[in-house]
Each structure stands twice: as C-alpha cells, then as structure tokens.
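Visitor: Got a sequence here, can you model it:
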Amino acid sequence: MITFFYKFSNIVILTLIISILSPVLIHSQTTITADEILERIDRNMVSTTVISTATMEIHQRNRVDVKEMKIWGKGKNSSFMEFTAPARDKGTKYLRLEDNLWMYLPNIEKVIKISGHLLRQSMMGSDYSYEDTLDRIKLLEDYTSVLLGEEDFDGRTCYVLELTAARKDVTYYRRKIWVDKEYFIGLKSELYAKTGKLLKMMTVHKIEQIQGRHYPTQATMQDLLRKDSRTEFFITGIQFDVDIPDEIFTIRNLEKR
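Guide: Below is the predicted model:
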C-alpha cells in the first residue's frame, strides 16, 4: 500500500509539473511573430558602416561575364559602388542616397540619374535591376507580414514568411522568405508582382561568421523573365563599423577620376 501511494504521489507531482511547464514550453515555441523575425534579420544584417569587395558572375546561356567591385555603405540610406574589373567597366560608379540613384560612366565622363522605368532595367547586364540596389532593408515599414510556419531548406530549419506590400511604390508587391531559425538570415526569397507572377528568386549558398555576426557571403539571383540567366554574387572581403568619410557619398566623389 505504501509503495502504491509513493508511486501515485510521484505520478501526481509529475503530472502537475507537466501541466505547469507545458503552457510555458508551448508559449516559448509560438510567441515569435513575423515582425520580430524581421527585426532579428535587420539586427543581424544592418551595421553603422560597411566596406566590402565583391565579385559578380553573370551567367547567360553559355556565357559567363565576371565583374569585380568595391562597395561602401553607411546606415540604410547611403551606398557607393565602384567597379574595378574588367577593364571595360573599370571606373563605373554608382551612388545611392535615400531613394535616389546616380551612375558615372567614365568613357563619356558623365553622371546620369537613374529614375522612372529605367530603375527596372538590368544593372550591368546582371539579374539585379537598378531598383534592387535601392531596395533598402525596411521590410517592417513597407510590408505587412505573416508567419506561415516552418520548413526545411537546404538542410536548415527555416521560418517561412509571406510579406504583402503596405504601400504602392515598393519594388515587389509580395515576397515569400525562408529565414534560417538559428542565424536569422533569409536563405531563399521569392519576389512576386501584384498579378501573382513570380519575377525573381534569390538563394543564399554560404554564411560566414564575421566580426561576431553571421553574414551571407555567396548568393544567386535569378530573373525568371530572362531565359537561362542567373547572377552569382560573392563577397570576397568585408569590414563592419569602420570609419568612412561623408565625402565618399557625394556627387563630387562620383565624378572623381
């Protein structure tokens, strides 16, 4: 009889513990919201300043065009890019301030502002449009977001988010993003028009730990409106939170030879 009551009391205690802890466990697994996931992405990806070098491989059918560049960035609103190779592209520069984009062409020594329908055109023959270069990390401001659930992608467990435009002038009306649960990096993004047509798809292939943060260093962009086309983007060097003079982000610097 004593043994019975001892076992029974243990079962009761165990049941009480489970009943108390279960809501806590369930709550901890389900409390994260889509907006919180986007905040974590921003926290991981955004820095005060950044300087990077990168290589872009543009694959079109049987042709591969390789371009090299250096990029300076400050906050979410200022960036400067200069192409360093090949020789025919060397000295081509881009300056972005807020939603404005200028390009400097060294062969004609002229600055051109890119706006309107030109923003949707391919940048340097790649699968990235000029509009993509203006696509600042402000998803929380521009989209309403819904957490659809979880899925595995490329061997990683991801949150799956669906984002719908909250204002008219966003680059893509709808996005579907697979976000790595551990690193809070978008591993796959599907970019849609308002009609529901899938326009582009971006996938991340490599993540590295750099200066205490995880950062994507290799990705592919595919413009699905172009046949047999993709652009591979490789970050070959990167530094965060370094001193960058304000004069880097000026028209004067754009014109400088």
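Visitor: tell me the centre residue of the chain?
Guide: Centre of the chain computed as the mean C-alpha position; nearest residue by Cα atoms, centre = their mean is G186, 6.4 Å away.
Visitor: Now do the helices in the chain.
Guide: 2-30, 34-45, 130-133, 139-142, 251-255 (DSSP state H).
Visitor: Which of those helices has the lowest mean pLDDT?
Guide: If those are sorted by mean pLDDT, helix 2-30 sits at the bottom with a mean of 38.
Visitor: need the contact list for the residue nearest to the centre of the chain.
Guide: By Cβ atoms under 8 Å, 6 or more residues apart in numbering, G186 lies in contact with I41, I177, W178, V179, D180, M202, V204. In this view, the C-beta of every residue, glycine as well, is placed from N, C-alpha and C.
Visitor: Apply 7 Å and report the result again.
Guide: Contact analysis of G186 by Cβ atoms under 7 Å, 6 or more residues apart in numbering lists I41, I177, W178, V179, V204.
Visitor: ok, so of those, who is nearest L140?
Guide: Of all these, L140 sits closest to I41, with 9.5 Å by Cβ to Cβ.
Visitor: what's the distance between that closest one and M221?
Guide: Going from I41 to M221 by Cβ to Cβ, to the nearest Å gives 18 Å.
Visitor: one step back: in a markdown table, list the contacts of G186 along with neighbour count and distance to P216.
Guide: Below are the contacts of G186 laid out as a markdown table (neighbours: other Cβ atoms under 10 Å; distance: Cβ to Cβ, whole Å):
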| residue | neighbour count | distance to P216 |
| --- | --- | --- |
| I41 | 21 | 11 |
| I177 | 24 | 13 |
| W178 | 24 | 13 |
| V179 | 24 | 12 |
| V204 | 23 | 4 |
